[in-house]
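Novice: Let's see this in three dimensions:
(chains A and B)
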Amino acid sequence: MLKSHSCGELNKEHVGAQITLAGWVDRRRDHGGLIFIDLRDREGIVQVVFNPGISKPCHEIASEMRSEYVVRISGEVALRPPGTENPKLATGDIEVIAHNTDIINPSKTPPFYINEDIEVDENLRLQYRYLDIRRARMKENLLLRYRVVKFIRDFLDAKGFIEVETPMLIKSTPEGARDYLVPSRLHPGKFYALPQSPQQLKQLLMVAGVEKYFQIARCFRDEDLRADRQPEFTQLDLEMSFIEEEDILSLLEELFTSMVETVKPEMRLIKPFPRLTYTQTMERYGTDKPDLRFGLEIGDLSDITAQSDFSVFRSAIAGGGKVKGICAPGCATYTRHQLDELNKIVKVLGATGLTTIALGTSVGSLDDLTVEMLRSVAAKFLTLDQIKEMAGRLGAKMGDLLLIMAGKSELVDMALDELRREIGYRLKLADPKMLAFAFIWDYPLLEMNEKTERWEPMHHLFTAPKDEDVPFLDTAPERVRGKHYDMVCNGYEIAGGSIRIHTSHLQRKIFRLLGYTDEEVDERFGHLLEAFDYGAPIHGGVAPGIDRIVMLLAGEENIREVIAFPKTQSAVDLTFNAPSSVTEEQLIELHLRLRDD
RNA sequence: GGCCCCGUGGUGUAGCGGUCUAACAUGCCACCCUGUCACGGUGGAGAUCAGGGGUUCAAAUCCCCUCGGGGUCGCCA
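Specialist: Below is the predicted model of the structure:
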């Protein structure tokens, strides 16, 4: 090693030691006589003193040093002179007196600050990601990510799981997300696909008798990007044999509880994790990934408003829709401008508008509410009793603001979910130190695709139906619930899993229900179905998204901040400028010709 | 594919029809400085205001298009 210690580890115990350090110049303070260098490596920062009275050559070299120069320094660890200690620095009691030094490599002036935590244009950060990762924020995020993955490996190892790698070059399956394709050189006109997840592979490992499998698995989906979605992302892929839903849920709860308590002890959890059925969460929050850090639950007002004189409400219900609302506590004083902002939020989602009812501006009992205290365009169409009943159902008090949506059920739910999160954010109800994990289960197995008028799996093709619902597969498929569960946290879907189908006849039955021909099934899933005929155990699993978990633990709002080399929203890697053109020779080898369009 | 937001010295921001020959902070360069730690002091260099077109007597500022970035709907079994 070219260094004997790391900068950050030095303390009073090292006083008197002769050491060698190597790292980057974080800052230089040149006093003409004395020069101070803050030397940085991965572990931290230490002050080095260049005193011409101790070494003239060292002092001359130090005067050439600039930010981000890579330097090596040999010298002695010394206590700082009394009064010059720096309590802001972990190594602030000591300093290194340089006896020998050399510049290993100079550096151009960096395009942005390495030593300051200020916002920098993300394009620049990504283009110079290797400099960005030198900065504290990315360094800490990557360290946290490593600790999370390390914790997972240790935890599952102790539980008897083994990690098995599965191929990255597999077979394209048109269902689900769009595949990333890899052309085959040896097989003209044929393609591999990168895995969307190792789903079928891990099921085959269960048939193979592995019993407890996991993998920190890279997954690829060629879909549009979001703050929480990258084209390649990392899942903890996990599968177990001879289990039921409860086994996975309790394993997840123990894993994530102990993980947070180990890697982020300052964050708070709700224990045990709440469990909501799909129906419950949709009714109460309008989404299957609710932020449970705060209440503001949705109330269904359809029965109250069905007979009202307000045509917006009446016609929505007559058209098969719903009238639902939430209460924004203390927001009765919202200005026209603030109400417009809320209106805009729902309009962007495609809703025609939002009905607001401000319940007075003073504190007091709802019983004292009078028509004069109301502020709402809908007030003249509604009776005072109707408004009181609505307010009561939404848990409103005087001084609150009712936000009411009318229309198609899905749109109403989506808009109220959005409004709920907006109000939660504005009123600072979402504690940033809280991780509100929860399980959502009892999902419908299937949903009807309105366009194609075909049943589609809500989760995926291999989810087992609840035993008691199996008879409905033939008579009322919409009533069949799947053995599927999601884990959510703070409004994000963190994991999805299920107990799988483990017999070929039930799996074939599902395929038929989804409209596949026998030929299609054999071509695409023959390998899996045949495997089921060789003694497949009851099995199931789950796949938590590592990027999202680390994002939440790090307090970040997008997963690019916890990925070393992420892609932009247009799926471009700015560090390498990928994707890029390839040579004609490469195309010829792959039997490809580019289309003009 | 739709909608919304952003683009000003290296970096971060201000300026939002004329006083902009573009301001401030920091960084950079030079000189001074032996106890600083976001060192300090003096001086200096550094910007086709993303690109193109238009409106106007006059555009960083208003309008249109393009490019790039971000957020989101659709999409993501």
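
Novice: if I read this right, A:Leu402 contacts A:Ala396, doesn't it?
Specialist: Yes: because the distance of 6.0 Å satisfies Cβ atoms under 8 Å, A:Leu402 is recorded as touching A:Ala396. All C-beta atoms are positioned from the backbone trio N, CA, C, and that covers glycine.

Novice: the helices in the stretch 301-450 of chain A, which residues?
Specialist: Listed in chain order, the helices of the stretch 301-450 of chain A (DSSP state H, counting those that start in this stretch) span A:302-305, A:311-318, A:336-348, A:384-393, A:409-426.

Novice: how about these, which one is nearest A:Asp132?
Specialist: helix A:409-426 (27.5 Å; Cβ to Cβ).

Novice: Could you list every helix and strand in contact with the longest helix seen in chain A?
Specialist: Ordering each helix of chain A by length in residues (DSSP state H) puts helix A:136-158 first. Secondary-structure packing of helix A:136-158 (3 or more Cβ pairs under 8 Å, 6 or more residues apart in numbering; DSSP states H and E): strand A:212-220, helix A:245-263, helix A:546-554.

Novice: Buried deepest among those, which one?
Specialist: Ranked by mean neighbour count under mean count of other Cβ atoms under 10 Å, those are led by helix A:546-554, which reaches a mean of 23.

Novice: Which helix or strand lies directly C-terminal to that one?
Specialist: helix A:584-589 (DSSP states H and E).

Novice: follow-up on the earlier one: between the helices of the stretch 301-450 of chain A, which one is nearest to A:Ser580?
Specialist: helix A:336-348 (35.4 Å).

Novice: Could you give me the buried positions within that closest one?
Specialist: Neighbour counts over helix A:336-348 (16 or more other Cβ atoms under 10 Å) mark A:Leu339, A:Leu342, A:Asn343, A:Ile345, A:Val346 as buried.

Novice: Output the contacting helices and strands for that helix.
Specialist: Against helix A:336-348 (3+ Cβ pairs under 8 Å, 6+ apart) you get helix A:409-426.

Novice: please redo it, this time with the cut-off set to 10 Å
Specialist: strand A:355-359, strand A:401-407, helix A:409-426 (3 or more Cβ pairs under 10 Å, 6 or more residues apart in numbering; DSSP states H and E).

Novice: Mind checking the ones you listed for the one nearest to RNA strand B?
Specialist: Nearest to RNA strand B among the helices and strands packed on helix A:336-348 is helix A:409-426 (6.6 Å), distances taken as Cβ to the nearest atom of the strand.

Novice: The closest residue to RNA strand B within the stretch 401-550 of chain A: how many residues sit nearby?
Specialist: Using Cβ to the nearest atom of the strand, the single residue of the stretch 401-550 of chain A nearest to RNA strand B is A:His460, 3.6 Å away. Residues lying near A:His460 (other Cβ atoms under 10 Å) number 17.

Novice: For it, give me its contacts.
Specialist: Applying Cβ atoms under 10 Å, 6 or more residues apart in numbering to A:His460 gives the contacts A:Glu175, A:Gly176, A:Gln196, A:Ser197, A:Gln199, A:Gln200, A:Gly482, A:His484, A:Gly496, A:Ser498, A:Arg500.

Novice: For those residues, which ChimeraX command selects only the ones that are buried?
Specialist: The following ChimeraX line selects those of the contacts of A:His460 that are buried, judged by 16+ other Cβ under 10 Å:
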select /A:196,197,199,200,482,484,496,498,500
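
Novice: Among the contacts of A:His460, name the ones in strands.
Specialist: Using DSSP state E, the subset of those located in strands is A:His484, A:Gly496, A:Ser498.

Novice: What pLDDT is listed against the last one?
Specialist: pLDDT, A:Ser498: 97.

Novice: next one: the first one
Specialist: Model confidence at A:His484, given as pLDDT, is 97.

Novice: A:Ile549 too?
Specialist: In this prediction A:Ile549 is given a pLDDT of 98.

Novice: hmm, back to that, among the helices and strands packed on helix A:136-158, which is nearest RNA strand B?
Specialist: If we rank the helices and strands packed on helix A:136-158 by Cβ to the nearest atom of the strand, the stretch that ends up nearest is strand A:212-220, at 8.3 Å.

Novice: anything in the closest one near RNA strand B?
Specialist: No: figure legend: strand A:212-220 not in contact with RNA strand B (Cβ under 7 Å from any atom of the strand); closest approach 8.3 Å.

Novice: With just CA atoms, put that strand into CSV.
Specialist: In CSV, the C-alpha atoms belonging to strand A:212-220 read as follows (Å, rounded to 0.1, in the frame of the first residue of the first chain):
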residue,chain,number,x,y,z
LYS,A,212,-34.8,-21.0,-0.1
TYR,A,213,-33.4,-18.8,-2.9
PHE,A,214,-32.4,-15.2,-3.2
GLN,A,215,-30.5,-13.0,-5.5
ILE,A,216,-29.6,-9.3,-5.7
ALA,A,217,-30.8,-9.3,-9.3
ARG,A,218,-30.5,-6.7,-12.0
CYS,A,219,-33.8,-6.3,-14.0
PHE,A,220,-34.5,-4.6,-17.3
